[in-house]
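>>> below is the sequence, then the predicted model.
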Amino acid sequence: MIGTSESREIVDWEKTTDDGQPVYEIEYTEPVPEPTGRSKTLFGAGSGGTVPAGDQSFEMPDGTRIPATEATFDADGTTLRVRRERSVIDRLRRYLPW
């Protein structure tokens, strides 16, 4: 689960929508840093081996998985805000006829 550790747990969370995209606001028991898609504790050898960048994801409290390449974060103390930002290629595909 995103942001949890041996000493940090989720206290409360809320899912809202901003510009048609889901936004998760998650509150923890202690301050939380902004995650990175390259965290060894999430995706490195300690978790059973490396995972290709395209297969990395973050699990939200409701079970939804957001690809690590599309997740943006804003950490403020014990609150982490997570939003899915689609890649430039995905956005172009919406407007191009191919």
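That came in fine, so what should we check first?
>>> please count neighbours and contacts with C-alpha atoms only from this point.
Noted.
>>> could you point out the helix or strand that follows the helix or strand bottoming out on mean pLDDT in the chain?
The helix or strand with the lowest mean pLDDT-type score in the chain, counting by mean pLDDT, DSSP states H and E, is helix 40-43 (a mean of 44). In the C-terminal direction, the helix or strand that comes right after helix 40-43 (DSSP states H and E) is strand 57-59.
>>> in that next one, what's buried?
By neighbour count on 16 or more other CA atoms under 10 Å, the buried set for strand 57-59 is Ser57, Phe58.
>>> who are the packing partners of that strand?
Strand 57-59 is packed against strand 65-67, with contacts defined by 3 or more CA pairs under 8 Å, 6 or more residues apart in numbering; DSSP states H and E.
>>> partner strands of the strand it packs on and their direction?
In the sheet, strand 65-67 lines up against strand 57-59 (antiparallel) (DSSP bridges).
>>> neighbouring contacts of the strand it pairs with?
With CA atoms under 8 Å, 6 or more residues apart in numbering as the contact definition, strand 57-59 has outside contacts at Met1, Ile2, Gly37, Arg65, Ile66, Pro67, Ala68, Thr69.
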